[in-house]
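>>> Provided below for reference: sequence and predicted model.
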Amino acid sequence: MRTFAFSLATVAAVALTSVGASAQTIGCTTGGSGGLFPTSGTGNGTYQTVQPSFPFSSTLNVASLPPGATVVTEVKLNGMTHTYTGDVQYVLTSPSGQQINLFCRQGGGNDWNGDYVVISVEQGQPLPTATGTPLTYPSATFSQNYGTWTSGNFAIGNIALSAVPAATGDWTLTIWDWVGGDTGNLTSWDICFGTPPPIPPPTVAPALTAPAANANVTGLFVTLSWGAVLGATSYEVDVDGTIYSTVGTSYAFQSSLGTHTWTARGVNSAGAGPWAASRTFNDTGLTAPTLSTPAAGGALFGPTANLTWAAVAGASGYDVDVDGTVFSVAASPFAYTSTPGTHTWKVRAKWLNNTLLGPYSAARTFNDLGAAPSPCNGSSLTTLFATNNSLGTGSCVFFDVNVLNPAGIVVSQIDQNTGGTVVGTAFGVTLWRRSGTYVGFEQTTAGWTQMATGGGVAVGSNQPSLADFPDFNLPPGVSGMCIVITGATNAYTNGTGTNQTFANADLSISLGKSQGTPFVSAPITPRVWNGTLRYNCNVAPPVVNFCTAGTSTNGCTPAISAANQPKVTLGGTCTLTVSGMEGQKQGLIFYGINNSGYIPTPWASGSSSFLCVKAPTQRLPASTTGGAVAQCNGTISADLHAYFLANPTSLGLPLAAGNKFYAQSWYRDPPALKTTNLSNALELTVVP
């Protein structure tokens, strides 16, 4: 680095360093180091959002300033090369930390290959003409160009060099390469100081961009925009003879109904440039919001109705009118506390701190269906949720249900694929049954019985839209079914032979056909209903005994049992009892919560007992079996609910419907292997 000491003796040296500089430059500090840019690989980043990973950065120390210098006048980029000049941004940082945008992504696909001098923006010096193959900019002096950079982003300001104070200390040049595929090199760089340049006013009128000539616009604020003018530091906008000043290349004009004429011009400290050719726009009045959701006439489950609409430019707030009551809100959405029934709503925008009111939107209605149903806690069998075909409202899908459970099943709900039906649309279901197969009886109502009607709300294609209806019985054996959907798409899948049968331990479903008009039009085959059949809801599943009890020294084989399943609410009792135990022994019950993949293991080599519960486990309090010594009349018991209430951090809490517990008992038997033995085990299922 070389810093000029400015004295009469060094005037000649100063003159040498100022060759090619504008007249206001007094002297320069030279010798800033160069290097590759980016420093590794090629460019990257997301413009204005994520800065590139490997910027070039070089610091140049200015030890003293030339006498009379007050501002930065030039930044020299010596021996610079880079293909695609439009990839690169140059930033100067002053000793005070101020970041100045020198030149940002200009020149497109042309190349750098020479010595370049950047001067202040208002001097209005454009890039030279690129020549050769590939097109390359010759060595030249040109003005700052901020490009499309948003001033202040990443603390980088669009600041004229003539407004940057001259200062001693460390100055830093940073080069950001925003696009991959190209690299560059800088040999060195210099910084020059002097007095502010004489500034000519802008010589070119801006190009007006929006609104288009004679455009119709709505809203209180109309954004007028234009292209940047070289040398302009601000702009004036003339609307209907009134002039407004702004720094950027757009202005939010507070408009009024009718036709308006506008133009713009660039301005700097030397004066104003020429006006652009004027344009007109027609303000058609304040705009009403566009309502989004719920859909018109749509349905939803309360008590909260999320009302949404598209934002209106410049609005400071909104009024939401529901059934004549107006709520003032800042923005969409509005969570309205609803009640079952039909409600009417509309929205209007407000401006100027909510003092200016716009027109209301067209009103919409929605239907609050009350509290949302939840899937019942019974068993279920699902076919598919992968629609590739459908019929419209009022159509039917046929299939056979073969009930294998000798007690039959009680059908409580279905999930339905409503395809492309608008989310929030209410739909109805009607379920028909006949004894025996549906095949051959699709075009007659003879033998068919309507079992239930109900409905639900569409939640989206290939999603389970829950429909509720009164429970009905399906007896053991084959029943033909017809499910009619109204108000929504009846979405299904074309049958392939391999996707038409579904089964579990209670039933099997064989599919199927569709029909546009139930029991009338020709059926379409093969078609696979998309849905879930829910059944035996609110019926506690049986307590299941499993595993084998060990035989005690005196021939006792204890058995564990429970009168009922545990409940989520912990209401009532859930008593576990172990009977047939050795009399007058110590014993306890223990439990686990996950027996997945577990195989009972011998309690000890040669023991008749098996450990049937997978770790982790939790012990309930120990007690004495009672009864008589050497007799099998001992018993222990424990109330699982009472234990959980007294020990709220126990394994498996909090309870949820469907959760499993696995319980077994342990007791003292000194003559036995391991001096203890185990009962059989119990599987419990938590119910609501």
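In hand now; what should we look at? Remember, it's a predicted structure, so these values are computed and weren't measured experimentally. Residues are numbered from 1 along each chain as shown.
>>> list the buried residues of the host helix or strand of residue 308.
Per DSSP states H and E, residue 308 falls inside strand 304-309. Residues 305, 307, 309 are the ones in strand 304-309 that count as buried (16 or more other Cβ atoms under 10 Å). Backbone N, C-alpha and C define where each C-beta goes, glycine included.
>>> and for stretch 554-564?
Across stretch 554-564, burial judged by 16+ other Cβ under 10 Å covers 556, 557, 558, 559, 560, 561, 562.
>>> correct me, but the fifth one touches residue 589?
It stands for residue 560. Yes: the criterion here is Cβ atoms under 8 Å, and residue 560 meets it with residue 589 at 7.3 Å.
>>> find residues that contact each of those two.
Taking Cβ atoms under 8 Å, 6 or more residues apart in numbering as the contact criterion, the common neighbours of residue 560 and residue 589 are 576, 578, 663, 664, 665.
>>> narrow the residues you listed to those that are buried.
In these, burial by neighbour count holds for 576, 578, 663, 664, 665, counting by 16+ other Cβ under 10 Å.
>>> just to revisit the earlier point, in a markdown table: the buried residues of strand 304-309, plus pLDDT.
Output for the buried residues of strand 304-309, formatted as a markdown table (pLDDT from 0 to 100):
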| residue | pLDDT |
| --- | --- |
| 305 | 89 |
| 307 | 94 |
| 309 | 96 |
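>>> which one of those residues is nearest residue 221?
Nearest to residue 221 among those, counting by Cβ to Cβ, is residue 309 at 18.2 Å.
>>> enumerate every residue touching the closest one.
With contact set as Cβ under 8 Å, 6+ apart, residue 309 has these partners: 289, 290, 291, 292, 318, 332, 347, 361.
>>> how does it look with 6 Å?
Shown in contact with residue 309 (Cβ atoms under 6 Å, 6 or more residues apart in numbering): 289, 291, 292, 332, 347.
>>> for stretch 69-83, what is the distance to the chain centroid?
Taking Cα atoms, centre = their mean, to the nearest Å, one finds the center of stretch 69-83 at 45 Å from the center of the full chain.
>>> using PDB, list the CA coordinates for it.
Taking Å, rounded to 0.1, in the frame of the first residue of the first chain, the C-alpha atoms of stretch 69-83 are listed here in PDB:
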ATOM      1  CA  ALA A  69     -10.400  16.800   0.400                       C
ATOM      2  CA  THR A  70     -13.800  16.400   1.900                       C
ATOM      3  CA  VAL A  71     -15.500  13.400   0.100                       C
ATOM      4  CA  VAL A  72     -14.700  10.200  -1.800                       C
ATOM      5  CA  THR A  73     -14.500  11.000  -5.500                       C
ATOM      6  CA  GLU A  74     -13.300   7.700  -7.200                       C
ATOM      7  CA  VAL A  75     -12.800   4.000  -6.600                       C
ATOM      8  CA  LYS A  76     -10.400   2.500  -9.100                       C
ATOM      9  CA  LEU A  77     -10.500  -1.200 -10.000                       C
ATOM     10  CA  ASN A  78      -7.200  -2.000 -11.600                       C
ATOM     11  CA  GLY A  79      -6.600  -5.000 -13.900                       C
ATOM     12  CA  MET A  80     -10.100  -6.400 -13.400                       C
ATOM     13  CA  THR A  81     -11.500  -9.400 -15.400                       C
ATOM     14  CA  HIS A  82     -14.800 -11.200 -15.000                       C
ATOM     15  CA  THR A  83     -17.200 -12.800 -17.500                       C
END
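>>> quick one: mean pLDDT over that stretch.
On average, the pLDDT along stretch 69-83 is 96.
>>> spatially central residue in the protein, please.
Nearest residue to the geometric centre of the chain (Cα atoms, centre = their mean): residue 333, 16.1 Å.
>>> I figured it was touching residue 308, is that so?
Yes: using Cβ atoms under 6 Å, residue 333 is in contact with residue 308, at 4.3 Å.
>>> now the helices for the stretch 551-688 of the chain?
640-646 (DSSP state H, counting those that start in this stretch).
>>> low-scoring stretches of it, by residue?
Applying pLDDT under 70 to the stretch 551-688 of the chain flags the ranges 688.
>>> which residues of it fall in strands?
Ranges of strands within the stretch 551-688 of the chain are 559-562, 575-581, 586-592, 601-602, 610-611, 617-619, 623-624, 634-639, 660-668, 676-685, based on DSSP state E, counting those that start in this stretch.
>>> turn these into CSV, columns for distance to residue 529.
Supplementary listing: the strands of the stretch 551-688 of the chain in CSV, determined by distance: least, Cβ to Cβ, whole Å:
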stretch, distance to residue 529
strand 559-562, 38
strand 575-581, 42
strand 586-592, 39
strand 601-602, 45
strand 610-611, 45
strand 617-619, 44
strand 623-624, 54
strand 634-639, 45
strand 660-668, 31
strand 676-685, 29
